[in-house]
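> got a sequence here, can you build the structure:
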Amino acid sequence: MKDIKINEMGSEVVEGFKCKPKKLDPNKPIMHYKTHIFVCDGERCKKAFGKDIATFLRELLKELKLNKGSKRIKISRGGCFGACRFRGVINIYENTRANGFLENDNLWIKKAHTFTRKEWEEIFLLLSSNKPLEKYLEKESFIQMKIFE
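Alright, predicted model coming up:
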């Protein structure tokens, strides 16, 4: 008899998938996240990361127990962000409708491919405890956005 795999939302998973539910319930809400990190998955950034960074970050979040619950950090691949000159770009959004931290909302970070495992751990812990990343990371780590008036 095969083991039945259940995803984090409590649904039975389609064989060969990690979380795809067998039965779609259109009324079931999505899992809460406190922080949502989009990883540029464009050709140049992907090459800079040199590995499947989204999977690596998800596994690290599981180890830190930040993959579920009120402090959950969600990782998504975002296609090309059009910021190729910055390589290894990530974009951080806070769930400001729930318990997100406004100071870390809509941060664009470059050269994230240079972060060590230890630095990612520290970033995740800062995000989960609502500490401003701008006090931890070098000013040069952030991509400045032009604001039109």
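
> what's the nearest residue to residue 78 once chain neighbours are set aside sitting at in phi/psi?
If you skip the residues right next to it in sequence, residue 78 has residue 38 as its closest partner in space, 3.8 Å away by C-beta to C-beta, 6 or more residues apart in numbering. All C-beta spots, glycine's among them, are computed from the backbone N, C-alpha and C. Main-chain torsions, residue 38, degrees, to the nearest 10: phi -100, psi 130.

> does residue 38 touch residue 80 like I think?
No: between residue 38 and residue 80 there is no contact under C-beta atoms under 8 Å: 11.4 Å.

> between these two, tell me which one has more neighbours.
In this view residue 38 and residue 80 are compared by other C-beta atoms under 10 Å, and residue 38 has more residues nearby, 19 against 14.

> list the contacts of that one.
76-78, 81, 90-93 (C-beta atoms under 8 Å, 6 or more residues apart in numbering).

> what's the answer for residue 58, then?
With contacts defined as C-beta under 8 Å, 6+ apart, the neighbours of residue 58 are 67, 75.

> if we can go back for a sec, now list the buried members of the contacts of residue 38.
By neighbour count, with 16 or more other C-beta atoms under 10 Å, the contacts of residue 38 hold 78, 81, 90-93 as buried.

> any chance of the residues you listed in a markdown table with secondary structure and distance to residue 120 as columns?
Putting these into a markdown table (DSSP: H, G, I helix; E, B strand; the rest coil; distance: C-beta to C-beta, whole Å) gives the following:
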| residue | secondary structure | distance to residue 120 |
| --- | --- | --- |
| 78 | coil | 17 |
| 81 | coil | 19 |
| 90 | strand | 10 |
| 91 | strand | 15 |
| 92 | strand | 13 |
| 93 | strand | 17 |
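
> kindly reformat the residues you listed as TSV and extend each row with pLDDT and distance to residue 113.
As requested, these are exported to TSV (pLDDT from 0 to 100; distance: C-beta to C-beta, whole Å):
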residue	pLDDT	distance to residue 113
78	93	15
81	94	14
90	97	10
91	97	15
92	97	16
93	96	20
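
> closest one to residue 126 out of those, please.
Nearest to residue 126 among the buried ones among the contacts of residue 38: residue 92, at 10.7 Å, using C-beta to C-beta.

> now the closest one: closest residue in space that isn't a chain neighbour?
The spatially closest residue to residue 92, leaving aside those adjacent along the chain, is residue 107, at 4.5 Å (C-beta to C-beta, 6+ apart).
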